[in-house]
Structures are given as structure tokens and as C-alpha cells.
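Enquirer: Fold the following.
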Amino acid sequence: MGEHSHIFARLATSRFRARFRLGERERAYAEAKGRGTIEEHARDFIRQRLAPASPRNDGRQTPMRGHPVFVAQHATATCCRGCLQKWHDIGRGRELTETEEGQVVALLMAWIDRETGAATRDG
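Expert: The predicted model follows:
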């Protein structure tokens, strides 16, 4: 998680970003499914909803709750291409690279790990 400390510190300066926490429903879901499944969901959501050059409904494609990854996306400013550009310097109008997708997923999982503690860690 140390590798994400800089972005977490930056995100903490935003009242909007800092207010996000996993609710009981999302936390229970994460615990029930386990970290591996949640990470698979994160990969799928990022690939389908964020990685395309022009995502469908960009700016409104990520619900505010209902899944731990959705909450994490808002908390980490990876919810739409505009936030990705503003906070992570990943420009719009082109598809995300595999490396960028992996970086976003790693950030999401680091945030979820912080929220759940050891609850979703496999093993």
C-alpha cells in the first residue's frame, strides 16, 4: 500500500473524495466474495466502463454505491475519464493501456484493503 500513499494523501485533501467509505452492505459483500472475486470485478468494471477511449455515459457511468468497487472508484477518482485525467494525468480520447488498467485496479484494491482490513484478503 505504500506505493499509493502519495495519491491517497492527495485524495484526502478533497472533501468529496475523503467522505467515501464502504457501507455495511458493500463491506459484507466484499467479505463474502473475498478479495480475488472483488479484484476480478474491478478488472471487469475498469475494462468495460473506464478503459474505452469514449466510455458510454462518461461522467455518469459509475454508481455511488451498491458494490465495493464503485465506492472505491469515487474515493480514488477513477470513476470517469474526467476524474482520471484531473487526478491521475491519464488523458481522455484514447483507450487505457493494459498497464494503466492494472494501475487503476491496484489503486482500487489498495483502497478497498484499507477499508476492510484483513477481511477480504485471501489465504
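
Enquirer: surely residue 100 meets residue 90?
Expert: Yes - counting by Cβ atoms under 8 Å, residue 100 touches residue 90, with 5.8 Å between them. C-beta here means a position set from N, CA and C on the backbone, and glycine is covered the same way.

Enquirer: Quick check: neighbours shared by the two?
Expert: Both residue 100 and residue 90 lack any common contacting residue under the criterion Cβ atoms under 8 Å, 6 or more residues apart in numbering.

Enquirer: how close does the spatially closest residue to residue 93 that is not a sequence neighbour sit to residue 95?
Expert: Closest residue in space to residue 93, ignoring its immediate chain neighbours: residue 53 at 5.8 Å, by Cβ to Cβ, 6 or more residues apart in numbering. According to Cβ to Cβ, to the nearest Å, residue 53 and residue 95 sit 5 Å apart.

Enquirer: what's the answer for residue 89, then?
Expert: Taking Cβ to Cβ, one finds residue 89 at 16 Å from residue 95.

Enquirer: what sits against residue 106?
Expert: 3, 4.

Enquirer: residues in contact with the strand or helix carrying residue 73?
Expert: Taking DSSP states H and E as the definition, residue 73 sits inside helix 68-75. Outside of helix 68-75, the residues within contact range by Cβ under 8 Å, 6+ apart are 11, 17-18, 20-23, 26-27, 29-30, 38, 41-42, 45, 50, 62-65, 78-79, 108, 111-112, 115-116.
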